[in-house]
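Engineer: would you be able to build a 3D model of this:
(one chain, ligands or ions: 1)
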Amino acid sequence: MKKILITGAAGQIGSELTEQLRNQYGNQNVIAAIHSNSNKKASITKPFCTLDIRDQYSLQDIVKQYEIDSIFHLASLLSAKAEQNPQLAWEVNVNGLMNVLEVARQNNCGIFFPSSIGAFGPGTPRDNTPQITIQRPNNIYGISKLSGELLCDYYYNRYAIDTRGLRYPGIISYQALPGGGTTDYAVHMFYAALQTKQYDCYLKPETRLDMMYMPDALNAAINLMQADSKKLQHRNAYNVTAMSFTPQELANEIKKHISNFEVNYQIDPTRQAIADSWPNHMDDSAARQEWGWQPSYILSSMVEDMLQQLEKKLNN
Ligand code: SER
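Structural biologist: As a prediction, this is how the structure comes out:
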């Protein structure tokens with residue numbers, strides 16, 4: 001990787017990935033692409049460009065202009081938002097990826113594509129979900145992510161494009177907020193614990209899902225992209241997880257630090273149904289074996305760090 005383009009660079013993962021890649025590869029070599037409507041334009045540092053991922057011609061211009069050789073394609077609608085507008089979700093998540101794959105084919109770029117626990121469905125085994133298993137997602141986000149996995153496989157097999165990808169769990173971070181996801185509750189709970197000491201959770205207390213702290217999520221993407229291509233047998237959709245917990249378990253861990261924190265449950269049927277179709281806990285041994293995946297944060301260390309960092313941020 002020499003010249004990197006990040007789409008969705010103002011998003012929860014994109015904003016921190018941009019920073020980390022710039023530290024490693026130099027500011028000038030990491031171009032942040034953000035949507036023209038983004039309200040974060042003012043805070044994005046150069047070099048950056050605006051891009052609607054549905055516009056293949058603009059993407060082509062950017063890749064040529066900056067002589068891009070690697071694309072981290074993070075622009076995407078998350079699960080709950082996608083369900084509100086399935087047609088738009090398909091355009092952004094699937095047609096957008098097709099544009100990235102086509103431009104990558106024409107300019108010989110490598111691609112990082114984030115798939116998700118959402119690529120599984122109600123028929124998938126929920127415990128120790130295998131790397132290769134039944135995938136019949138029943139919401140548009142999951143369908144778009146599974147389509148993405150298959151499209152990446154296709155471009156690798158048909159055109160030898162160096163596509164690589166992960167199935168991310170819910171990502172927890174304190175810098176940029178996630179938007180429109182089902183796992184967002186885990187981030188919101190920290191803000192509420194520090195600000196109002198009270199949180200209304202939209203998932204049931206016993207809803208178990210895989211999660212990961214941002215530093216591990218960034219390392220996963222970068223390590224996968226730096227791995228020896230020959231070792232990657234499941235290249236486009238590695239299960240990766242760091243911890244698995246329920247809203248109640250997260251609340252209890254936060255209460256060890258903020259004893260008067262209170263959580264109530266007001267279930268949102270749409271997001272509950274999405275969460276109920278996702279694994280409790282994925283088996284990520286293929287990622288561990290093939291490219292050395294190893295998370296560093298578990299629930300207790302993540303909660304401790306998150307509370308410290310977020311408190312600092314909110315006080316500023
Ligand atoms: N975090 C995402 C969501 O909740 C799942 O990949 O939509």
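Engineer: residues from the chain in reach of the ligand?
Structural biologist: Residues of the chain lying close to the ligand by CB under 6 Å from any ligand atom are Leu78, Ser79, Ser116, Ile117, Gly118, Tyr141, Tyr168, Gly170, Gly181, Thr182, Thr183. Every C-beta, even on glycine, is put in place using the N, C-alpha and C of the backbone.
Engineer: let's see it at 5 Å
Structural biologist: Residues of the chain lying near the ligand by CB under 5 Å from any ligand atom: Leu78, Ser79, Ser116, Gly118, Gly170, Gly181, Thr182, Thr183.
Engineer: which residue packs closest to the second one, ignoring adjacent ones?
Structural biologist: Setting aside the residues directly before and after it, Ser79 is nearest to Tyr141 in space (CB to CB, 6 or more residues apart in numbering), at 3.9 Å.
Engineer: hang on, the earlier thing: can you list the residues of the chain next to the ligand in TSV and add pLDDT, secondary structure and neighbour count?
Structural biologist: As requested, the residues of the chain next to the ligand are exported to TSV (pLDDT from 0 to 100; DSSP: H, G, I helix; E, B strand; the rest coil; neighbours: other CB atoms under 10 Å):
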residue	pLDDT	secondary structure	neighbour count
Leu78	97	coil	21
Ser79	97	helix	29
Ser116	98	strand	29
Gly118	98	helix	28
Gly170	98	strand	25
Gly181	97	coil	23
Thr182	97	coil	31
Thr183	98	coil	28
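Engineer: turn those into CSV, including distance to Ser296.
Structural biologist: Output for the residues of the chain next to the ligand, formatted as CSV (distance: CB to CB, whole Å):
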residue, distance to Ser296
Leu78, 25
Ser79, 26
Ser116, 21
Gly118, 24
Gly170, 17
Gly181, 23
Thr182, 25
Thr183, 20
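Engineer: nearest to Tyr159, of those?
Structural biologist: Tyr159 has its nearest neighbour among the residues of the chain next to the ligand in Ser116, at 24.3 Å by CB to CB.
Engineer: please identify the helix or strand for the nearest residue to that closest one once chain neighbours are set aside.
Structural biologist: Leaving aside its chain neighbours, Ser116 sits nearest to Lys145 (4.9 Å; criterion: CB to CB, 6+ apart). Following DSSP states H and E, one finds Lys145 within helix 140-159.
Engineer: likewise Phe72?
Structural biologist: Here Phe72 is assigned to strand 70-73, by DSSP H and E.
Engineer: related to what we said a few turns ago, report the buried residues of the helix holding Lys145.
Structural biologist: 140-149, 151-153, 155-156 (16 or more other CB atoms under 10 Å).
Engineer: CA-only coordinates of the strand holding Phe72 in CSV, if you can.
Structural biologist: C-alpha atoms of strand 70-73 as CSV (Å, rounded to 0.1, in the frame of the first residue of the first chain):
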residue,chain,number,x,y,z
SER,A,70,-5.5,0.7,-2.2
ILE,A,71,-9.1,1.5,-1.3
PHE,A,72,-10.6,1.1,2.2
HIS,A,73,-14.3,1.2,1.2
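Engineer: now do it: which elements does it pack against?
Structural biologist: Applying 3 or more CB pairs under 8 Å, 6 or more residues apart in numbering; DSSP states H and E, one finds that strand 70-73 contacts strand 4-7, helix 12-25, helix 96-107, strand 110-116, helix 214-226.
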